[in-house]
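Peer 1: need a 3D model of the following:
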Amino acid sequence: MQQGDFMFSTKRSRIRALALTGSLAAAGVTIGAVTFDASAAETAAPAPVAADAAAAGGPAEAAAGAPAAAQLKAVPPLVTAVPKDIRPPDGSQPIGAFVVTAGTQNYTCVVPAGATTGGYTGNSVPEAQLLGTGGRIHHFAGPSWQSERDGSLVTATKTAALPPRAGAIPELLLQVKTHSGSGILDRADYINRLYTSGGVAPATGCTAGQTVSVPYKALYVFWDAPAA
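Peer 2: Numbering: from 1, shown residues only. Next up is the predicted model:
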């Protein structure tokens, strides 16, 4: 596998995402169960992402030269592809799927009282650019997600997590707590962080004030949950 490639697998789906160099006029991409066409402006920087996905009973496609306007296509959602322990409520519908094209988890050294050294044991702060079904999203402290296309913004809190794999931050289910603005994210009720790699705090000692940024990859899926 070349640098920049990352492979994702689940029982019902297989996703291969290749971080390309250069630029594409347009890219047609299938991520998980959601298909989108990304315009040249949205795939120019950072490096565009092409992906293919295959799921039981579902389509798999990847094409260049697709229509420039971003447009969701009718692809059956695969809620059941999400691990049960971090699955959104039954009946939830995907409203967007976004791959981390460039991102870090950022840690600050925690030094116990009376000690001179400590460790990166506190919560991480994300800083990432995502590309997906609704264009670009900026992911930052809060945790927060803001669409760069329409300005809609959400914050969320973790409600469930899987045990982390070696060398990877945990896969999560988060519940949206606040909304701001109108756009692709204003219907989001839940967020999954899936197929994670990297982002784990180093186990080395540190001194007060030290920070470290650890690159990571993940797929974020935003869900519209049925009304209670």
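
Peer 1: drop to CA atoms for contacts and neighbour counts, all remaining ones
Peer 2: Noted.

Peer 1: mind checking the SS state of Ile95?
Peer 2: strand (DSSP: H, G, I helix; E, B strand; the rest coil).

Peer 1: one more: Pro163?
Peer 2: Classified using three-state DSSP, Pro163 is coil.

Peer 1: distance check, it against Pro170.
Peer 2: 6 Å (C-alpha to C-alpha, to the nearest Å).

Peer 1: so which of these two has more stuff around it?
Peer 2: Between Pro163 and Pro170, Pro170 has the larger neighbour count (other C-alpha atoms under 10 Å), namely 21 against 10.

Peer 1: just checking, that one touches Pro164?
Peer 2: Yes: with contact defined as C-alpha atoms under 8 Å, Pro170 reaches Pro164; the gap is 4.3 Å.

Peer 1: how about the strands in this structure?
Peer 2: Under the criterion DSSP state E, the chain contains strands at 5-9, 13-19, 27-31, 34-38, 49-55, 63-64, 93-108, 125-132, 135-140, 144-147, 153-161, 172-180, 190-198, 211-224.

Peer 1: low-confidence stretches in the chain?
Peer 2: Counting by pLDDT under 70, the chain contains low-confidence ranges at 1-78.

Peer 1: domain parsing for it?
Peer 2: 5-80, 83-224 (automatic domain parsing).

Peer 1: straight-line length of the last one, end to end?
Peer 2: By that I understand domain 83-224. 18 Å.

Peer 1: check contacts around the closest residue in space to Gly132 that isn't next to it in sequence.
Peer 2: Take Gly132 and drop its neighbours on the chain: the residue closest to it by C-alpha to C-alpha, 6 or more residues apart in numbering is Phe98, 4.0 Å away. By C-alpha atoms under 8 Å, 6 or more residues apart in numbering, the contact list for Phe98 reads 31, 130-133, 137, 219-221.
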